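Q: A predicted structure for the sequence below; I have some questions about it.
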Amino acid sequence: MSDPYVYEDTPVLKNKLGLKKQTDLDDYENTVVNLALLKLLKDHHRVTHTLDILDIHKHLFSNVYEWAGKIRTINIEKNEVVLNGLSVQYEDVSDIERAIIHIHDSFYDKPWDTCGLTSLIHELARYISSLWKIHPFREGNTRTISTYMYLFLKQHGYSLDEKLLKVHAAFFRNALVMASLGAYSDYRYLEEILADAITHKSRTSRQPQRKDKKYESVKNVKMKNYVYTRHQMKKDKS
């Protein structure tokens, strides 16, 4: 079986403009998604269920992919440098919606408004990484779930410094990788950046961002050398 999401003559994802050069698609996707994100935030979009990530993905990627907002139909994998080339074990396609609902039932109604910032970061790291580990979409999972987190926190009286996450996007994504290893999950990287990015609305000012090298590496892998690569269809090992 070949990957139905990519063109036959190139590994580039099928897209509405028919772009078959990865750099062209990357440039177009980044521009369109950033504009869609600005509109989503300007419209004061609200989330009422974790499944709203489907709607968010559609908002962000509808001008790029026909399958925007739809759960992927194939299993995927990606070689992760912080895992020595192994992949996170993303959710099987047959269980994606059920897994999202399970995570919603486990986390959504926690006392986010009153639990205190330390407890919030602890629980949020597990909520968001569990959701990210599912990887419901063929592409665009981190941006979609980050947007969901921004909206979710806003509704509970917190602000998220999305610029910090964008500047340190490589660290943030690899922190999610390390927090998505089941019984072997390491949440310290994710909790660290969330602690710097989240502020309660009752605070009138934010502590100056540290200018040291705290986001320089994940598991001794230098983030300045990290290069993002697209996911691939999971190989059948039978």
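A: Great, that's in hand.
Q: please name the nearest non-neighbouring residue to Tyr226.
A: Leaving aside its sequence neighbours, Tyr226 sits nearest to Ala170 (Cβ to Cβ, 6 or more residues apart in numbering; 4.2 Å). C-beta here means a position set from N, CA and C on the backbone, and glycine is covered the same way.
Q: please compute how far whichever strand or helix holds the one you found lies from its chain's middle.
A: In the assignment (DSSP states H and E), Ala170 maps to helix 169-178. Here helix 169-178 is found 9 Å from its chain centre; the criterion is Cα atoms, centre = their mean, to the nearest Å.
Q: same question, stretch 50-66
A: The chain centroid and the centroid of stretch 50-66 are separated by 13 Å, computed with Cα atoms, centre = their mean.
Q: look up the closest residue to His135, ignoring the ones flanking it.
A: Among residues not flanking His135 along the chain, Tyr90 sits closest, at 4.1 Å (Cβ to Cβ, 6+ apart).
Q: so what's the residue nearest to the spatial centre of the chain up against?
A: Centroid-nearest residue in the chain, with Cα atoms, centre = their mean: Thr142, separated by 1.8 Å. Listed by Cβ atoms under 8 Å, 6 or more residues apart in numbering, the contact set of Thr142 reads 132, 172-173, 176.
Q: any figure for the gap between it and Ala183?
A: According to Cβ to Cβ, to the nearest Å, Thr142 and Ala183 sit 23 Å apart.
Q: picking up where we left off before, what's the neighbour count on the residue nearest to Tyr226?
A: 20 (other Cβ atoms under 10 Å).
Q: that one contacts Val221, doesn't it?
A: No. Judged on Cβ atoms under 8 Å, Ala170 makes no contact with Val221 at a distance of 9.4 Å.
Q: can you show me the helices along this structure?
A: 22-42, 53-61, 96-107, 117-134, 141-155, 162-167, 169-178, 188-197 (DSSP state H).
Q: was I right to think Phe137 contacts Ile76?
A: No. Assessed by Cβ under 8 Å, Phe137 is found out of contact with Ile76, at 9.3 Å.
Q: more neighbours: the two, which one.
A: Remark: of Phe137 and Ile76, Phe137 carries more neighbours, 25 against 22, as counted by other Cβ under 10 Å.
Q: if I pick that one, what's in contact with it?
A: 57, 67, 70-72, 144.
Q: out of these, which are buried?
A: Neighbour-count burial within the contacts of Phe137 applies to 57, 67, 71-72, 144; the criterion is 16 or more other Cβ atoms under 10 Å.
Q: the closest residue to His59 other than its chain neighbours: how many residues sit nearby?
A: Counting by Cβ to Cβ, 6+ apart, His59 lies nearest to Leu40, which is 5.2 Å off, once chain neighbours are set aside. The tally of other residues near Leu40 (other Cβ under 10 Å) stands at 17.
Q: over to Lys201?
A: Every residue meeting other Cβ under 10 Å relative to Lys201 is counted, giving 11.
Q: what sits against the residue nearest to Val6 when sequence neighbours are not counted?
A: Distances taken as Cβ to Cβ, 6+ apart place Leu13 nearest to Val6, at 5.7 Å, with adjacent residues excluded. Residues in contact with Leu13, defined by Cβ under 8 Å, 6+ apart, are 5-6, 25, 65, 138-139, 230.
Q: where does pLDDT dip in this structure?
A: Scanning the chain for pLDDT under 70 picks out the ranges 202-212, 237-238.
Q: could you redo the last one with a cut-off of 90?
A: 1, 9, 41-44, 200-214, 229, 235-238 (pLDDT under 90).
Q: now Leu124: closest residue in space, sequence neighbours ignored.
A: Excluding the flanking residues, the one nearest Leu124 by Cβ to Cβ, 6+ apart is Leu194, at 6.3 Å.
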